[in-house]
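Asks: No sequence on hand, only this structure:
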């Protein structure tokens, strides 16, 4: 009897043993993950006609699997897809070096900027695909996501318990997620918060745009200045909610858009920071903390060299400006 782990082809009846990473998962969601390329309508037809069984009994879509269960899957033709091939060795080495923590439930990396969290929309290999290729045979799922140009703490779940647990904590606002960002302009206060609902829309080309809208979802961000420079401030942003592009949109809404932000930023300010060596948006996931069961987790990632170099140049410019004023 095989083990339920990841996607595979089923050309004949298979009896699979449920592993710990699928303990507690609904059988319809398990089948959707295993049978890549099979329409969900067909998966539900298999369940409705009694062809899927758990421990010999007919399974309903909401049947919960338990570790050690025997899952019967009938013959299914999986649509063939073009395989993208193996990831470049350099990218695999990069994600291997990026690992900062691992235990039985989680694997955490300090994600480099330029690597998406997952593949799609023109991205062949995201962090999850790269890490799975770097750790063949391991079960890994994204616990949350970071934008492609955002560096810092990215958490993968190695168990069903870890995945469901941390996603529940994120949904209930019981995690601490802190970012470092460079906000343009002169902040009027050392601490302030932005409590403004956000509404997401998708443009014709598939690009996501988010705007402040009274009919959007509640969103709250706490900002605290860490360091002041000439025309900018390094700021710690703490999320009380986790909406798409939340920090970027809230920063722009407050009048201090992020340096280097191509979507919500200010063009002339971005040109100035580009001249200082900023090649991307200045946003870094610095800390992610939560408690799960009896374990307290705290993951942190230092500001990367490219962003630190920009701050060094800003520091020099600020010092020169003070000298001219004195």
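Replies: Sure thing, it's come through. Predicted model only: the values in this text are computed from it and were never measured.
Asks: and stretch 169-182, what's its mean pLDDT?
Replies: For stretch 169-182, mean pLDDT is 95.
Asks: Same question for stretch 272-286.
Replies: pLDDT averaged over stretch 272-286 gives 96.
Asks: Report the buried residues of that stretch.
Replies: With burial defined by 16 or more other CB atoms under 10 Å, the residues of stretch 272-286 counted as buried are 273, 276, 278, 280-286. C-betas here are computed from N, CA, C, even on glycine.
Asks: ok, now which ones touch residue 176?
Replies: By CB atoms under 8 Å, 6 or more residues apart in numbering, the residues touching residue 176 are 238, 287-290.
Asks: Let's see if you can find the most crowded of those residues.
Replies: Neighbour counts for the contacts of residue 176, by other CB atoms under 10 Å, peak at residue 288, which reaches 24 neighbours.
Asks: neighbouring strands for the helix or strand containing it, and are they parallel or not?
Replies: In this structure, residue 288 is located in strand 283-292 according to DSSP states H and E. Take DSSP bridges as the rule and strand 283-292 pairs in its sheet with strand 151-157 (parallel), strand 176-184 (antiparallel), strand 295-300 (antiparallel).
Asks: Which SSE is immediately downstream of the lowest-mean-pLDDT helix or strand in the chain?
Replies: The helix or strand of the chain with the lowest confidence, counting by mean pLDDT, DSSP states H and E, is strand 2-4 at a mean of 56. For strand 2-4, the succeeding helix or strand toward the C-terminus, using DSSP H and E, is strand 14-18.
Asks: helices and strands around that following strand, which ones?
Replies: Strand 14-18 is packed against strand 2-4, strand 70-73, with contacts defined by 3 or more CB pairs under 8 Å, 6 or more residues apart in numbering; DSSP states H and E.
Asks: so for the last one, what's the average pLDDT?
Replies: Per-residue pLDDT over strand 70-73 has a mean of 92.
Asks: Return the set of buried residues in that strand.
Replies: Quick answer for strand 70-73 (16+ other CB under 10 Å): 71-73.
Asks: List of residues touching the following helix or strand past it?
Replies: For strand 70-73, the following helix or strand on the C-terminal side (DSSP H and E) is helix 89-97. Helix 89-97 is contacted from outside by 109, 112, 115, 125, 127, 130-131, 133-134, using CB under 8 Å, 6+ apart.
Asks: Okay, and which of those map to strands?
Replies: residue 109 (DSSP state E).
Asks: Which members of the contacts of helix 89-97 are classed as buried?
Replies: For these, buried by 16+ other CB under 10 Å: 109, 112, 115, 125, 127, 130-131, 134.
Asks: between the residues you listed, which is closest to residue 269?
Replies: If you rank the buried ones among the contacts of helix 89-97 by distance to residue 269 using CB to CB, residue 112 comes first, at 24.6 Å.
Asks: so that closest one sits right up against residue 151, yeah?
Replies: Yes - when contacts are counted by CB atoms under 8 Å, residue 112 is listed as touching residue 151 (6.0 Å).
Asks: OK, contacts around the nearest residue in space to residue 56 that is not next to it in sequence?
Replies: Excluding its sequence neighbours, the residue lying closest to residue 56 (CB to CB, 6 or more residues apart in numbering) is residue 70, at 7.3 Å. Neighbour list for residue 70: 1, 15-18, 54-56 [criterion: CB under 8 Å, 6+ apart].
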